[in-house]
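In: predicted structure and sequence below. I'll ask about it afterward.
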Amino acid sequence: MPDLATATPVTLEAVEAAARRLKGVIAKTPLIENLGLSRAYAATVLLKREDLQVVRSYKIRGAYNKMAALAATEPARRIGCASAGNHAQGVAYACQLLGLYGDIFMPAQTPAQKVDKVRLFGGEWVTVHLTGRNFDECAAAAQAFCQAQAATFVPPFDDLAIVEGQATVGLEILKAAKSPIDYCFLPIGGGGLASGVASVFRQLSPHTRLVGVQPLGAPSMHKAIAAGRRQALDTLDTFVDGAAVKCPGELTFSICQALLDEVHLVPEGQVCVDLLKMYNEEGMVLEPAGTLAISALHDYAAEIRGKTVVCVVSGSNNDITRMADIQERAQRHQGRKHYFLVTFNQAPGALRRFVNNVLAEGEDIIQFQYIKKNNKEKGPVFIGVEVRQPGDEAGIMARMAAEGFGYEYLNGQQDFLSLLV
């Protein structure tokens, strides 16, 4: 057990004060057993439903907690922030509630639906600035603006008041729980939620095993803890956009390093499978980051059997236009869809031979695209095949080789597939 005095600056007194500050502002979201998950894992699986907040994520907690102190001491102070999603909505809503003028910086390519939500929650109190090709450029513009205008920059996670606000999630969980909690799964982007909740649990429920969860393509906290220091990722998969952070915060890293038992990585495809499952079977509309904790359960099935488990469902700000991509990724992860770059000799009957001799009964071509090349006699063809059972792709590859078709298997090459699927 770490020395809490040195492991975290988050005190119970500060978290209780944040909870009082947030009373009447946020929803005290329910801690509900999900019978489907409990049955699937032979455990008691409780969901902390932060997707039911008015801004549909926990982010309002930290934003309001930090900004309320400013409103009390400097009511004329302007607020600035940079975000493409949930943090922007939380800051905007806090601006409206507190009567603070805010400047919300969002990347230039942010979907209109997200921009409109920020304007809705902020009303006349906020101005949205669309700038920068990515989040880093956007954040740099926001910080430069705040410095020039003497405005206060409200960071998304690396700030003590922000962490203390997010920590109220942990306080609510422990007050609502009817029995001791054996495991708590926490999604991690920059680490504000995980470091706050972990600080509360280590003081009030030290026996609980705390598992942070990150996407496989955005493992910033996982890699930082493994290396023993913060380091920016060389590459970042932004599909789970609410958890796609290149480098964890200084404060949040130190707390997570000291207090979490481990940080687990979940493939983006598994997130898609569970997001669709929760929608189809439970009627829950979640965003990918909000599904992370649930997706981690697959790899802990043996450990959590018979245990009481909490999954923090962090948000539900999902763009409906992404559902086709989510479904596609889910089917690839389940081994139902497979993609190949196949070299066809452009002779009569080549395609017929492929269909008759390579594809087995029940296997269907779902995509066929000829990739033109200068050599008109030969050229690669992009082919997608849907199979009956995971593992059937091995038979397809064996039959292609037997028939003399050269091929490259593409399922692991997301950057390439995103251009064609």
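Out: The structure has been received and is ready for your questions.
In: now the residue lying farthest from the centre of the chain, what's its secondary structure?
Out: In terms of distance from the mean C-alpha position of the chain, Pro348 ranks first, at 48.6 Å (C-alpha atoms, centre = their mean). Counting by DSSP: H, G, I helix; E, B strand; the rest coil, the backbone at Pro348 sits in coil.
In: tell me where this protein has strands.
Out: When secondary structure is read from DSSP state E, the chain shows strands at 31-33, 44-49, 79-82, 102-106, 126-130, 152-153, 183-187, 209-215, 262-266, 308-313, 337-345, 364-370, 378-386, 406-409.
In: need the distance between the two termini of stretch 329-340.
Out: Distance between the boundary residues of stretch 329-340 (C-alpha to C-alpha, to the nearest Å) amounts to 16 Å.
In: got it, and stretch 6-16?
Out: The distance separating the two terminal residues of stretch 6-16, taken as C-alpha to C-alpha, comes to 20 Å.
In: okay, which residue is most central for this protein?
Out: The residue lying closest to the centre of the chain (C-alpha atoms, centre = their mean) is Ala289, at 2.2 Å.
In: which of the strands of the chain has the lowest mean pLDDT?
Out: Least confidently modelled of the strands of the chain is strand 378-386, at a mean of 85 by mean pLDDT.
In: may I see the buried residues of stretch 233-250?
Out: 233, 236-249 (16 or more other C-beta atoms under 10 Å). Where C-beta positions appear, they are placed from N, C-alpha and C, glycine not excepted.
In: of these, closest to Glu408?
Out: Asp237 (21.2 Å; C-beta to C-beta).
In: could you find the closest non-adjacent residue to the closest one?
Out: Setting aside the residues directly before and after it, Asp237 is nearest to Gly217 in space (C-beta to C-beta, 6 or more residues apart in numbering), at 2.5 Å.
In: contacts only, for the one you found.
Out: Listed by C-beta atoms under 8 Å, 6 or more residues apart in numbering, the contact set of Gly217 reads Leu236, Asp237, Phe239, Val240, Ala244, Glu268.
In: what of Leu97?
Out: If you count contacts by C-beta under 8 Å, 6+ apart, Leu97 has them with Val25, Tyr64.
In: same check, this time on the one 5 residues further on
Out: Gly102 makes contact with Arg78, Ile79, Gly80, Cys81, Val91, Ala92, Cys95, Gly122, Trp125, Val126, Thr127, according to C-beta under 8 Å, 6+ apart.
In: go with 7 Å
Out: Contacts for Gly102 were tallied using C-beta atoms under 7 Å, 6 or more residues apart in numbering; they are Arg78, Ile79, Gly80, Val91, Ala92, Cys95, Gly122, Trp125, Val126.
In: mind putting the residues you listed into a markdown table with neighbour count and distance to Pro111?
Out: Compiled in a markdown table, these are given as follows (neighbours: other C-beta atoms under 10 Å; distance: C-beta to C-beta, whole Å):
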| residue | neighbour count | distance to Pro111 |
| --- | --- | --- |
| Arg78 | 18 | 26 |
| Ile79 | 27 | 23 |
| Gly80 | 24 | 21 |
| Val91 | 32 | 18 |
| Ala92 | 28 | 16 |
| Cys95 | 29 | 21 |
| Gly122 | 25 | 17 |
| Trp125 | 18 | 22 |
| Val126 | 24 | 18 |
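In: can I get those residues in CSV with distance to Val55?
Out: Below are these laid out as CSV (distance: C-beta to C-beta, whole Å):
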residue, distance to Val55
Arg78, 21
Ile79, 16
Gly80, 18
Val91, 10
Ala92, 8
Cys95, 12
Gly122, 11
Trp125, 14
Val126, 13
